[in-house]
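Peer 1: test case, fold it:
(2 chains)
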Amino acid sequence: MQDVYSYRESSVGFYAYCMQRDQIGRMRSYNLNIAGYNIRVESADDGPDLCPGQRFRRNITESAEYDVRIRVHHGCIRPDEDAERLFVAPYTVEVNGYKIRRSINFWSVYRQNGDMLLLTNFPEHPEKKATLRFSLGLREWDLYIENAGNETDPLDYPLDGLILYYLTAINADIMIHASGVFYNGKGYLFSGVSGKGKTTMAKLWDNIGAEVIHDDRLIIRCNDGLFRMHNTPIYRNDWPKSATLDRIFLLDHGDDNRMSPLREASSVSNVVANCIQHNYSQEMIARFLGSVSLMCSKVPVARLSFRPDRSIIEYILRND
Amino acid sequence: MADLKAVYSHSRNIVTRKTGNEYILVPVANNIADMNSVFTLNETGAFIWEHIDGERNTEDLIDCLVAEYEIGREEAESDVVSFLEDMNKYLIINI
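Peer 2: Numbers count the residues shown, from 1 in each chain, chains lettered A, B, ... in the order given. The predicted structure is shown next:
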């Protein structure tokens, strides 16, 4: 049965009345809490109605506080000729383990007069394009969407992940390719690039009743010296989840279960290789390295080669 | 044959981080970090790195290593020269 959510007008000013298969409903503004970040999305006076995708429904909050407010407009803005282009990301898809490049310009980032401009296409909505004007120092951001129609999901892929990435950069947090599970009061993170076994590992733990925080991407935040891992809404039925971070494993294929502890510089250099980072200045890179170094000094890191069966769980718990 | 009078300095396109007695060196090209080409220095490498200052020449670095670790000059020269050659090859230090 299709889930039906209906929001009435509330003190924070959002309302919804339209039920659609993949969207929550139409509204003028809403607040999200993702990984502890409060994101307010608000249509400008002349902007489209907002229909957040179903995957965000459990992140919607009535909190009036926000870390960043994104005002959504119709239309587009383009970088000036003298804007500095910082990134161009191609669109690649993975088919049978092979990465195939579908287009050269998927999303790109420019720096212009102290602002950042993020231009993106949306693979699931080829007619739609967007430009996010933002700043790492200000919390008022503007999102311009071309061909949005009367209503649109303003945080369609890949914009949601990019916004979350820049929130991690602002807050000196870490976004990493990893699965994470919570079992018997401990949080275990398994990191690796595509094909290394993140999802396999998450399924193995799921089979013994562990809580899977996520199977692909995590945000790690530090609060009072304690590190926690958080999921982000990627799948339709994701609940917001987080857990303490007690061990970090860097995955590798192997014929046997083997754990090799990594220390100091070696742990940091191996972890950063799996982090998502688009830092564009030496200061940002140094800050990011500082965050990962601190994490690796508090949370043990080890390489882990494993057989994809239950024996790896017993091996980890035995050696914990 | 290594030039023992050569003076090296750190590249400006490197971001460093000291962790314990070791270093992480991240090459930066066009302000973008290459996290897949990160270098780590062990304690000896870190010691040599910290003494590269654009003023000391290779011979001075060898002297520093001999004094710090009480090792033979030949061994110290081999360590320093090989370290400098590697770092220079990857543009982490400049003459």
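
Peer 1: which elements pack onto the longest strand seen in chain B?
Peer 2: The residue-count maximum for a strand in chain B (DSSP state E) belongs to strand B:22-29. Applying 3 or more Cβ pairs under 8 Å, 6 or more residues apart in numbering or on different chains; DSSP states H and E, one finds that strand B:22-29 contacts helix A:264-272, helix A:282-298, strand B:14-19, strand B:39-41, helix B:43-51. No exception for glycine: its C-beta is placed from N, CA and C like everyone else's.

Peer 1: right, and the helix or strand after it?
Peer 2: Using DSSP states H and E, the next helix or strand after strand B:22-29 towards the C-terminus is strand B:32-33.

Peer 1: strand partners (parallel or antiparallel) of that following strand?
Peer 2: strand B:22-29 (antiparallel) (DSSP bridges).

Peer 1: got any ranges where the chain has weak pLDDT?
Peer 2: Going with chain A. Low-confidence segments of chain A (pLDDT under 70): A:1-23, A:93-104, A:236.

Peer 1: let's do chain B instead
Peer 2: Low-confidence segments of chain B (pLDDT under 70): B:1.

Peer 1: residues from it in reach of chain A?
Peer 2: Counting by Cβ under 8 Å from any Cβ of the partner chain, the positions of chain B adjacent to chain A are B:15, B:17, B:19-24, B:26, B:28, B:31-33, B:35-36, B:38-42.

Peer 1: pull out the buried residues from those.
Peer 2: Using 16 or more other Cβ atoms under 10 Å in any protein chain shown as the burial test, these include B:15, B:17, B:19, B:22-24, B:26, B:28, B:31-33, B:35, B:38-41 as buried.

Peer 1: which residues does the longest strand of chain B contact?
Peer 2: A:264-266, A:268-269, A:272, A:282, A:285, A:289, A:293, B:13-17, B:33-35, B:37-43, B:45-46, B:49, B:90-92 (Cβ atoms under 8 Å, 6 or more residues apart in numbering or on different chains).

Peer 1: can I get the CA coordinates of that strand in PDB?
Peer 2: In PDB, the C-alpha atoms belonging to strand B:22-29 read as follows (Å, rounded to 0.1, in the frame of the first residue of the first chain):
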ATOM      1  CA  GLU B  22      54.900  10.700  11.100                       C
ATOM      2  CA  TYR B  23      53.800  13.000   8.300                       C
ATOM      3  CA  ILE B  24      51.100  12.800   5.600                       C
ATOM      4  CA  LEU B  25      51.900  14.700   2.400                       C
ATOM      5  CA  VAL B  26      49.100  15.500   0.000                       C
ATOM      6  CA  PRO B  27      50.000  16.700  -3.400                       C
ATOM      7  CA  VAL B  28      47.800  19.600  -4.700                       C
ATOM      8  CA  ALA B  29      47.400  20.400  -8.400                       C
END
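
Peer 1: any idea how far that strand is from the middle of the chain?
Peer 2: Here strand B:22-29 is found 12 Å from its chain centre; the criterion is Cα atoms, centre = their mean, to the nearest Å.

Peer 1: one more: stretch A:54-62?
Peer 2: Offset of stretch A:54-62 from its chain centre (Cα atoms, centre = their mean): 15 Å.

Peer 1: hey, C-alpha coordinates of it in PDB?
Peer 2: Extracted C-alpha coordinates of stretch A:54-62, given in PDB (Å, rounded to 0.1, in the frame of the first residue of the first chain):
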ATOM      1  CA  GLN A  54       9.800  10.100  -0.600                       C
ATOM      2  CA  ARG A  55      13.300   9.400   0.600                       C
ATOM      3  CA  PHE A  56      13.200  12.600   2.500                       C
ATOM      4  CA  ARG A  57       9.900  12.100   4.300                       C
ATOM      5  CA  ARG A  58      11.400  10.800   7.500                       C
ATOM      6  CA  ASN A  59      13.900  13.600   7.600                       C
ATOM      7  CA  ILE A  60      11.300  16.300   7.600                       C
ATOM      8  CA  THR A  61      11.200  18.100  10.900                       C
ATOM      9  CA  GLU A  62       9.100  20.900  12.300                       C
END
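
Peer 1: please give the element, helix or strand, for the closest residue to A:Pro79 other than its chain neighbours.
Peer 2: Computed as Cβ to Cβ, 6 or more residues apart in numbering or on different chains, the closest residue to A:Pro79 that is not its neighbour in sequence is A:Tyr110, at 4.1 Å. Applying DSSP H and E as the criterion places A:Tyr110 in strand A:98-112.

Peer 1: I'd like the next helix or strand past that strand.
Peer 2: Strand A:98-112 is succeeded, C-terminally, by strand A:115-121 (DSSP H and E).

Peer 1: which parts of the stretch 101-250 of chain A sit against chain B?
Peer 2: On the criterion Cβ under 8 Å from any Cβ, chain B has no neighbours in the stretch 101-250 of chain A.

Peer 1: repeat the analysis, applying 10 Å as the threshold.
Peer 2: Residues of the stretch 101-250 of chain A lying close to chain B (Cβ under 10 Å from any Cβ of the partner chain) are A:Arg111, A:Val193.

Peer 1: in the stretch 101-250 of chain A, what residue spans correspond to strands?
Peer 2: A:115-121, A:129-134, A:140-146, A:151-152, A:174-183, A:186-191, A:211-214, A:217-223, A:226-230, A:242-244, A:247-253 (DSSP state E, counting those that start in this stretch).

Peer 1: can I get those strands in TSV including distance to A:Asp309 and mean neighbour count?
Peer 2: Below are these laid out as TSV (distance: least, Cβ to Cβ, whole Å; neighbours: other Cβ atoms under 10 Å in any protein chain shown):
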stretch	distance to A:Asp309	mean neighbour count
strand A:115-121	40	20
strand A:129-134	44	21
strand A:140-146	46	19
strand A:151-152	45	20
strand A:174-183	16	24
strand A:186-191	15	24
strand A:211-214	17	20
strand A:217-223	24	21
strand A:226-230	24	21
strand A:242-244	24	19
strand A:247-253	13	20
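
Peer 1: closest one to B:Glu75 among those strands?
Peer 2: Among the strands of the stretch 101-250 of chain A, the nearest to B:Glu75 by Cβ to Cβ is strand A:247-253 (33.5 Å).
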